[in-house]
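Student: quick one: sequence and predicted model below, then my questions.
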Amino acid sequence: MFEIKLDERGDVVLAGRFDGAQVDKAKAVFDRVSSSAAVDFENLTYISSAGLGILMVTQKRLTERGQELRLRNASGHIRDVFQMARFDLIFTME
């Protein structure tokens, strides 16, 4: 199961497994992010390369506007994925 929503501050909240089957659902939400925002990983248990791709496309779009995604509450496992992909050099991880 995968859940994604924008909270009242405009931050993205993720839960469950973010894999290739969830790309369209996630893209619909991330496409609505137009300024700097946090992405809350607290309840995310898994992220695939497809999920990483959605984050990268969003980060690139925002960076072109002087904005950014900040990632927070990532578990050790999720942080390891970001470090192995070297995405920890692209995203601010809180």
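Tutor: Cool, the structure landed. Numbers count the residues shown, from 1 in each chain.
Student: how much space separates the residue nearest the centre of the chain from residue 49?
Tutor: Central residue of the chain (CA atoms, centre = their mean): residue 55, 4.7 Å from the mean position. From residue 55 across to residue 49, the span is 11 Å (CB to CB, to the nearest Å). Just so you know, the C-beta spots here come from the backbone N, C-alpha and C atoms, and that holds for glycine as well.
Student: now the residue nearest to the centre of the chain: closest residue in space, sequence neighbours ignored.
Tutor: residue 69 (6.6 Å; CB to CB, 6 or more residues apart in numbering).
Student: in this structure the one you found contacts residue 38, no?
Tutor: Yes: contact criterion CB atoms under 8 Å: residue 69 and residue 38 qualify, at 7.5 Å.
Student: could I get the full set of strands for the protein?
Tutor: Using DSSP state E, the strands assigned to the chain run over residues 2-6, 12-18, 37-47, 69-72, 92-93.
Student: I'd like the ones you listed as a markdown table, with mean neighbour count, distance to residue 82 and mean pLDDT appended.
Tutor: Below are the strands of the chain laid out as a markdown table (neighbours: other CB atoms under 10 Å; distance: least, CB to CB, whole Å; pLDDT from 0 to 100):
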| stretch | mean neighbour count | distance to residue 82 | mean pLDDT |
| --- | --- | --- | --- |
| strand 2-6 | 15 | 18 | 97 |
| strand 12-18 | 20 | 13 | 98 |
| strand 37-47 | 19 | 9 | 98 |
| strand 69-72 | 18 | 7 | 97 |
| strand 92-93 | 14 | 7 | 94 |
